[in-house]
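1. heads up, no residue letters with this:
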DNA sequence: ATCGAATTGACAATATAATGTCAATAGAGT
DNA sequence: ACTCTATTGACATTATATTGTCAATTCGAT
């Protein structure tokens, strides 16, 4: 049959990961719906968030690395955002080609508006959950991320 | 600033979700690498899994619904899998057009091989984690899924 | 200064995913 | 039998994401 021997934790983790994929996709589509009216998508929102989180303007490639996303896709979306005036490029004193990406006022407003929509939505979603459980979950996620990020190239050989 | 009022649980959940996105993408790429040698991808693997889980042959649209994925994409991948002989279509006694999808021996072998690769990999990944924490996480995921799935169309109006 | 490795943006090519439309079909209700 | 509605597969179109290549540039080592 499909049974292969696994440790008990391995079993539990296997089951959990499958559920996690579903949750991830549900969250993304919910996010898309939430901010669609602002001309945003989950992907665009996430990139605006990365720019905000950075606090200092960064080149595209750095943002992409911070997000664990691929460079070219972030570049494409940021180019779109720039055409729509949500972000602007600033000249980089340290690098002639790698321009710095900064939020425009319009971009900041769009991001703030998204966060204002997010607040009641996430509050509703969190009803009935305990902070403690969520933090446990976050701790597990963190541990898994760390392992996966360090193993990065192990199987690639 | 970016601060908008949220409940404490809402705060925690917000942070957690961001980490979760990263973990999801790390798991997918790790999965791709893991089964690449078998001619599989994470997406193909997941679909084979859905077919196995169903136990009875089902039409494509049902599999897609079970997976929470969109119909056409599942159709495309299943067509690919069929061309490569991993799945086969069976005539559906109840519906002339909606053929049933079943694993071929080759498909079963590929899936089993994937699961054999998965076992040591997931065991390694789970080292140092507690079954209890993982189950807590799975419980939270389940609660969130349920909310998101029931709200499905609330914002869509 | 000069070399070489690494990073970057641009672009092309491809792969993957999503959306909309259509006719065929099936099943429920009458 | 008949009609109405929902589901299905097929197809076309568009959107999104990935991969590879290139020359320009930066930076570290020497």
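-> Structure's in. What do you need? The structure displayed is predicted, hence computed values, not measured ones. Numbering: from 1, shown residues only, chains lettered A, B, ... in the order given.

2. quick one: low-confidence parts of chain A?
-> A:1-2, A:151-157 (pLDDT under 70).

3. And the longest strand seen in it, what's buried?
-> For chain A, the strand that runs over the most residues, judged by DSSP state E, is strand A:95-103. In terms of neighbour count (16 or more other Cβ atoms under 10 Å in any protein chain shown), strand A:95-103 has its buried residues at A:99, A:100, A:101, A:102, A:103. For every residue, glycine as well, the C-beta is placed using N, CA and C.

4. Quick check: the closest residue to DNA strand D within chain A vs residue A:133, distance?
-> Across chain A, the shortest distance to DNA strand D (Cβ to the nearest atom of the strand) belongs to residue A:96, at 3.2 Å. With the distance defined as Cβ to Cβ, to the nearest Å, residue A:96 ends up 50 Å from residue A:133.

5. do the same with residue A:123
-> Applying Cβ to Cβ to residue A:123 and residue A:133 gives a distance of 16 Å.

6. and the residue nearest the centre of chain A, what element?
-> Chain A has residue A:46 as the residue nearest its centroid, 4.9 Å off, counting by Cα atoms, centre = their mean. Counting by DSSP states H and E, the element that carries residue A:46 is helix A:42-54.

7. packing partners for the following helix or strand past that helix?
-> For helix A:42-54, the following helix or strand on the C-terminal side (DSSP H and E) is strand A:58-59. Helices and strands in packing contact with strand A:58-59 are listed as strand A:95-103; criterion 3 or more Cβ pairs under 8 Å, 6 or more residues apart in numbering or on different chains; DSSP states H and E.

8. is any part of the strand it packs on close to chain B?
-> No. Under the criterion of Cβ under 8 Å from any Cβ of the partner chain, strand A:95-103 makes no contact with chain B; the nearest approach is 11.0 Å.

9. between that strand and helix A:42-54, how many degrees?
-> With axes from the mean of the first three to the mean of the last three Cα atoms, to 10 degrees as the basis, strand A:95-103 and helix A:42-54 are set at 100 degrees to each other.

10. List the pairing partners of strand A:95-103 within its sheet, with orientation.
-> strand A:58-59 (antiparallel), strand A:87-92 (antiparallel) (DSSP bridges).

11. in the longest one, what counts as buried?
-> Along strand A:87-92, these residues count as buried under the neighbour rule (16+ other Cβ under 10 Å): A:87, A:88, A:89.

12. And the helix or strand where residue A:72 lies, what does it pack against?
-> Assigned by DSSP H and E, residue A:72 falls within helix A:71-83. Counting contacts by 3+ Cβ pairs under 8 Å, 6+ apart, helix A:71-83 is packed against helix A:42-54, helix A:60-67, strand A:87-92.

13. make it 10 Å
-> helix A:42-54, helix A:60-67, strand A:87-92, strand A:95-103, helix A:105-126 (3 or more Cβ pairs under 10 Å, 6 or more residues apart in numbering or on different chains; DSSP states H and E).

14. And the next helix or strand past the last one?
-> For helix A:105-126, the following helix or strand on the C-terminal side (DSSP H and E) is helix A:131-151.

15. can you tell if stretch A:6-20 touches chain B?
-> Yes. Contact of stretch A:6-20 with chain B (Cβ under 10 Å from any Cβ of the partner chain) involves A:6-20.

16. any idea how far that stretch is from the chain center?
-> Counting by Cα atoms, centre = their mean, to the nearest Å, stretch A:6-20 is centred 24 Å from the centre of its parent chain.

17. longest helix in chain A, by residue count?
-> Counting by DSSP state H, the longest helix found in chain A is helix A:8-35.

18. what residues does chain A put near DNA strand D?
-> Residues of chain A lying close to DNA strand D by Cβ under 7 Å from any atom of the strand are A:41, A:43, A:69-73, A:76-77, A:94-98.

19. hmm, 6 Å instead?
-> Residues of chain A lying near DNA strand D by Cβ under 6 Å from any atom of the strand: A:41, A:43, A:70, A:72, A:73, A:77, A:94, A:95, A:96, A:97.

20. on that earlier part again, hmm, who's touching the longest strand of chain A?
-> Contact with strand A:95-103 is made by A:47-48, A:50-52, A:54, A:56-63, A:74-75, A:78, A:81-82, A:86-94, A:107-111, as judged by Cβ atoms under 10 Å, 6 or more residues apart in numbering or on different chains.

21. Filter those down to the buried ones.
-> The buried subset of the contacts of strand A:95-103 (16+ other Cβ under 10 Å) comprises A:47-48, A:50-52, A:57-60, A:62-63, A:74-75, A:78, A:81-82, A:86-89, A:107-108, A:110-111.

22. Residue A:11 contacts residue B:134, doesn't it?
-> Yes. Counting by Cβ atoms under 10 Å, residue B:134 is a contact partner of residue A:11 at 9.3 Å.
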